[in-house]
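Student: A predicted structure for the sequence below; I have some questions about it.
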Amino acid sequence: MNNMKNYLIPKISLAVIILLVVVTTSVNAQMKNKPRYLVKDLYIADPSAHVFDGKIYVYPSHDIESGIPENDNGDHFDMRDYHVFSMESIDGAVTDHGVALDVKNIPWAGRQLWAPDAALKNGTYYLYFPVKDKTDIFRIGVATSKKPEGPFKPENNPIMGSYSIDPAVFKDIDGKYYMYFGGIWGGQLQRYRNGKAIECGVQPAAGEVSLCPQVALMSDDMLQFDGKAKDVVIQDKEGHQLKTGDEDRRFFEASWMHKYKGKYYFSYSTGNTHKLCYAIGDNPYGPFTYQGVILTPVVGWTSHHSIVEFKGKWYLFYHDSKPSGGKTWLRSVKVVELEYNADGTIKTIEGKE
Ligand code: FUB
């Protein structure tokens with residue numbers, strides 16, 4: 001009997017230890033990729049994250065409760081200023097640097113300061129922002145500062161030839177900067193073809209190729225486009241450009257560009273199907289081949305993100321409307337680690353987490 005005990009007790013203990021290790025490892029794995037809300041006392045959205053001076057700086061838009069009813073024009077997004085945030089580590093304290101730019105200080109602006117982005121060149125920080133001009137047409141503007149957190153001083157006029165929303169500025173390793181932009185419905189992209197305003201601002205028919213996001217090379221001084229913006233073509237694996245009716249995959253808004261292992265990853269939101277998707281290309285202009293979903297739909301209508309590498313890991317910054325109880329126009333910014341498969345594809349993240 002005693003012999004039996006002596007034999008069983010170590011076996012059972014070993015089994016318990018193995019079980020504990022397995023459970024702890026899987027809990028840790030889940031914790032590791034638990035998204036974290038950055039700020040609790042302000043509603044912020046559309047986070048563009050960059051690493052400047054060894055810290056992460058986040059340039060989001062700032063949601064307010066304006067009482068404007070929700071509509072397809074996006075009038076409920078009545079945003080008026082930007083705050084800039086910084087953090088020294090991904091799970092460390094988040095500093096709110098206060099108001100970096102206010103719509104009332106932009107000479108040409110009317111209303112709606114939507115999703116911004118920032119870039120650094122030769123010691124100057126550039127804040128790019130879409131805002132409606134005094135005739136209610138979205139243009140993209142630029143403001144400058146010697147500090148990443150601002151305050152930023154806006155130029156007197158919008159960038160010539162700019163239109164629509166959601167600027168995202170990407171620096172390539174050869175030192176060239178590119179701006180990606182555009183968004184349909186409230187973002188007004190449907191009002192343009194080949195960079196020119198058209199009479200009747202509707203999307204192409206379901207069976208026609210969908211509206212493309214735009215890309216422009218930035219001028220040396222970063223204040224203008226160096227030439228006309230071009231279409232960013234997104235195609236399927238057979239080389240066919242995505243169609244308007246392909247709402248699960250076609251571009252809607254929220255452009256972002258990052259580079260991974262020498263490839264160009266163009267990511268974007270599908271808008272009314274609420275996904276963040278990506279497509280891969282060999283150069284900043286594309287074409288880009290559709291790959292899949294980065295983030296499944298979140299709580300709230302919009303999905304808008306940025307992807308950044310920090311201390312050897314990759315992160316997805318995005319927003320949802322969970323803390324406001326699902327109010328689309330009151331969003332909160334989150335961050336989660338983004339992981340790649342061995343073949344360079346991105347592991348899909350669950351948006352409702
Ligand atoms: O924040 C206003 C608009 O909502 C942004 O410009 C879009 O990308 C969407 O997130």
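Tutor: Perfect, thanks for sending it. All of these numbers come straight from a predicted model, not from anything done at the bench. Numbering: from 1, shown residues only.
Student: CA atoms for contacts and neighbours, from now on please.
Tutor: Noted.
Student: Which residue ranges of the stretch 51-200 of the chain form strands?
Tutor: Assigned by DSSP state E, counting those that start in this stretch, the strands in the stretch 51-200 of the chain fall at 55-63, 81-87, 94-102, 117-121, 124-132, 138-145, 153-154, 168-171, 177-181, 192-193, 196-197.
Student: just how off-centre is the fourth one within its chain?
Tutor: If you compare the mean C-alpha spot of strand 117-121 with that of the full chain, they lie 15 Å apart, counting by CA atoms, centre = their mean, to the nearest Å.
Student: Okay, angle between that strand and strand 124-132 too, please.
Tutor: Angle of strand 117-121 versus strand 124-132, following axes from the mean of the first three to the mean of the last three CA atoms, to 10 degrees, is 150 degrees.
Student: So strand 117-121, near the ligand or not?
Tutor: No - using CA under 6 Å from any ligand atom, strand 117-121 never reaches the ligand; the gap is at least 10.8 Å.
Student: and that strand, which residues are buried?
Tutor: Residues of strand 117-121 classed as buried by neighbour count (16 or more other CA atoms under 10 Å): Asp117, Ala118, Ala119, Leu120.
Student: What residue, apart from its backbone neighbours, is nearest the spatially most central residue of the chain spatially?
Tutor: For the chain, the residue nearest the mean C-alpha position is His305 (2.3 Å; CA atoms, centre = their mean). Spatial nearest neighbour of His305, excluding adjacent residues (CA to CA, 6 or more residues apart in numbering): Tyr318 at 4.2 Å.
Student: Next: Ser255.
Tutor: Closest to Ser255 by CA to CA, 6+ apart is Tyr268, at 4.6 Å.
Student: Now do the buried residues in the helix or strand containing that neighbour.
Tutor: Using DSSP states H and E, Tyr268 sits in strand 263-269. Across strand 263-269, burial judged by 16+ other CA under 10 Å covers Tyr264, Tyr265, Phe266, Ser267, Tyr268, Ser269.
Student: Redo the residues you listed as a markdown table? Include pLDDT.
Tutor: Shown next, in a markdown table, are the buried residues of strand 263-269 (pLDDT from 0 to 100):
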| residue | pLDDT |
| --- | --- |
| Tyr264 | 99 |
| Tyr265 | 99 |
| Phe266 | 99 |
| Ser267 | 99 |
| Tyr268 | 99 |
| Ser269 | 98 |
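Student: ok, of those residues, which one's closest to the ligand?
Tutor: The ligand lies nearest to Ser269 out of the buried residues of strand 263-269, by CA to the nearest ligand atom, at 7.7 Å.
Student: shouldn't the closest one be in contact with Trp256?
Tutor: No - using CA atoms under 8 Å, Ser269 is not in contact with Trp256, being 9.5 Å away.
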